[in-house]
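Q: Following is a predicted model, sequence given first.
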Amino acid sequence: MEAVILILGLLVVAFVALGIYVSVKLIRAASRGVDRTITQARRAVEDTTLRAKTYGQVGVAGELAQLRLSLRTSMRATQEALQTGVTEDASLSESLGLFQRLSVHGRELDDELKRLEREPDKKTVASLLPSLKKRTGEITRSADSLRWAARDRARQFADDDLAALNEQIDVEAGALRHWTTEEPVPGGQDPTGAPGAPGTFRSAHPQGQGQGQGQWNGNGLSGDAGVAEAITAADPRQQTTYPWQKSARPETTN
């Protein structure tokens, strides 16, 4: 009896511990989701504010806002492109590492531009604009170069795969239409020289050379059993439905 009580107690403790572990995991996941949502909302608000400043303010403040907006837009687009591409192309991991190093310089520049927006000495800030524009241009050009290189690589892979697929489809289409390439024997004679009936034919299919000759009988079938190839209809139960297919309309009677 004591053993049964001990086992039940251990099971209760195990279930309680498992429940606590699952609860902690769920709370952490929800916390991360909330943090991401808050971060994205903050970024959206800040980007909207920067766009408003570029249109509504002139002079130093407007130029600083434009620099920050172009920097943030380029860096975010490159980060999304590389993180998405590395899941399908592992060779982009090195490019992603380079971008992470570039992001350090990008964050430092963005923080500096943000501080200068609050700087009351606009004259000094104006004197710093040429160097700030140069740094912003260097970072955005590097980010854009990585992003477009990754996109060009993905597009080239897609083009190569599509070209190979088209070749395979052309070969398969030719095999499916093999009966349309049958040519009549000149003079209505078979290869032995004997006169043949008007239905005498020669198959142009590679597998029919030398053995695909015969005459059609009254039922429309070749006299040579090795010539005719069965064409099996597709099983409608095994067909795959695609989004672009139209559903068949049921026949109605008046």
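A: Sure thing, it's come through. Numbering: from 1, shown residues only.

Q: Give the helix, strand or coil label for residue 88.
A: At residue 88 the chain is in coil, as set by DSSP: H, G, I helix; E, B strand; the rest coil.

Q: Run through the residues that contact it.
A: Contact partners of residue 88, counting by Cβ atoms under 8 Å, 6 or more residues apart in numbering, are residue 154. In short, each C-beta sits where N, CA and C put it, glycine included.

Q: Look up how far residue 16 lies from it.
A: From residue 88 across to residue 16, the span is 43 Å (Cβ to Cβ, to the nearest Å).

Q: could you pull out the strands for the protein?
A: Secondary structure of the chain (DSSP state E): strands at 183-184, 201-202, 213-214.

Q: Hmm, residue 67 is touching residue 114, no?
A: No. Taking Cβ atoms under 8 Å as the definition, residue 67 is not a contact partner of residue 114, at 10.5 Å.

Q: More neighbours: these two, which one.
A: Neighbours were counted for residue 67 and for residue 114 using other Cβ atoms under 10 Å; residue 67 has more, 23 against 13.

Q: Look up the closest residue to that one, ignoring the ones flanking it.
A: Excluding its sequence neighbours, the residue lying closest to residue 67 (Cβ to Cβ, 6 or more residues apart in numbering) is residue 136, at 4.8 Å.

Q: Could you pull up the residues touching the one you found?
A: Taking Cβ under 8 Å, 6+ apart, we find residue 136 in contact with 67, 70-71, 109.

Q: which stretches of this protein have low pLDDT?
A: 31-36, 38-40, 43, 56, 180-254 (pLDDT under 70).
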